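Student: generate coordinates for the sequence data below:
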Amino acid sequence: MLFLISVLLLASAPTAQVTAAPPVVPGPIENLKPGEFFWAPQIAPAGPVTMIVSLKVQRAFVYRNGVPIGVSTISSGKAGHETPTGIFTILQKEVDHKSNLYNDAAMPFMQRLTWDGVALHAGALPGYPASHGCVRLPLAFAKLLYGVTKLGLTVVITDDALVPEVAPADMLADVPEDNHAAPTSYRWRPDRALTGPVSIVVSGRDRRLVVLRNGVEIGSAAIRLDAAVTRTEAFTLQSVDQTGPHWLRLPLPGQSLSQAGELTDAERSRGHLPDAFRAKLEGLLKPGATLLVTRESLASSGTGTKLSVLRADP
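Tutor: Okay, the predicted model is just below:
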């Protein structure tokens, strides 16, 4: 993240001039005070936008074309109203929104993530989780973010403890002598969502890959992994050519710049999918697709609470 800090510091002054004096401040990301943020969209003027929210460090990171263009302090859900983790898409946007659950509370620059009330929006940031499940943002940052997002944009919310995950014994019981043998079972229903952004989620615990298009599951398959998934990783598809897809790693909180860069052939070869499923999946991939690799189960998180991968139906 040092690259993000240095570049944003160089760009913070002109950004502050063209907005309503947002609190764009110098200093390490860890030292941001509640309500402060960095914003430098000129670093990557065009390309697909992805947002990653870290509940652990109470920060939101915005990437465009795989390049970090902003980071902000947040306030997520308090005890009893925890913000769900997983991969979401923006389902609805509204500048002047009022909560229909909490006494018409103002939710400026609302960007809905679930139909049961979880959203990104401007709100009070006391320096700790204090919302009813939403991700609160500084008002100026929420307005700037609203201006660069579109419906269907991918938002990853993570609370990864960065602890190595070992597969349960029953998952390893049927591993063949040839550990590189790909599984054969899969589901493929692209007709469930014919258009929209594509997101892929790989669960290290479940040994399963799920494909979402426009927030709707259109496919899933068993995946055999040569190594344990030790941390959450996120990628955006930069391009597709004759050699295959080129995935660009997005640096997450707690990961150094040296961990960024393109997903290598060696790394791709560690995951084994049914050949027919892989061919179908690669046939629909386009730049801007998102890949999330997580230790957690797609059914439940390590704490026993539901991991909301995506719920796009009201």
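
Student: beta partners of residue 236?
Tutor: Partner residues in beta bridges with residue 236, using DSSP bridges, are residue 248, residue 290.

Student: residue 51 is in contact with that one, correct?
Tutor: No - at 11.2 Å, residue 236 does not count as touching residue 51 under the criterion of CB atoms under 8 Å. The C-beta positions use only the backbone N, C-alpha and C, and glycine is treated the same way.

Student: can you show me the helices along the stretch 151-300 of the chain?
Tutor: 169-172, 265-268, 275-284 (DSSP state H, counting those that start in this stretch).

Student: out of those helices, which one sits most buried?
Tutor: helix 275-284 (a mean of 14; mean count of other CB atoms under 10 Å).

Student: contacts for it?
Tutor: Identification of contacts with helix 275-284 by CB atoms under 8 Å, 6 or more residues apart in numbering yields 182, 186, 188, 190, 198, 200, 211, 213, 219, 221, 240, 244-245, 273.

Student: before we move on, back to that, mean pLDDT lowest where, among the helices of the stretch 151-300 of the chain?
Tutor: For the helices of the stretch 151-300 of the chain, mean pLDDT drops lowest on helix 169-172, to a mean of 29.

Student: name the SS class of residue 147, please.
Tutor: helix (DSSP: H, G, I helix; E, B strand; the rest coil).

Student: just checking, residue 248 touches residue 68?
Tutor: No - the criterion here is CB under 8 Å, and residue 248 misses it with residue 68 at 11.7 Å.

Student: between those two, which has more neighbouring residues?
Tutor: Set residue 248 next to residue 68 and count neighbours by other CB atoms under 10 Å: residue 68 wins out with 24 against 20.

Student: lowest-pLDDT helix or strand in the protein?
Tutor: In the chain, no helix or strand scores lower on mean pLDDT, DSSP states H and E than helix 169-172, which sits at a mean of 29.

Student: let's have the helices of the stretch 151-300 of the chain in JSON lines, adding distance to residue 83.
Tutor: Shown next, in JSON lines, are these (distance: least, CB to CB, whole Å):
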{"stretch": "helix 169-172", "distance to residue 83": "29"}
{"stretch": "helix 265-268", "distance to residue 83": "30"}
{"stretch": "helix 275-284", "distance to residue 83": "29"}
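
Student: quick one, which of those helices is nearest to residue 99?
Tutor: helix 275-284 (36.6 Å; CB to CB).

Student: per-residue pLDDT, residue 212?
Tutor: 84.

Student: quick check, it in contact with residue 87.
Tutor: Yes - using CB under 8 Å, residue 212 is in contact with residue 87, at 7.3 Å.

Student: what are the bridge partners for the residue most central in space within the chain, then?
Tutor: The chain has residue 156 as the residue nearest its centroid, 2.0 Å off, counting by CA atoms, centre = their mean. Judged by DSSP bridges, the bridge partners of residue 156 are residue 52, residue 87.

Student: cool, thanks, signing off.
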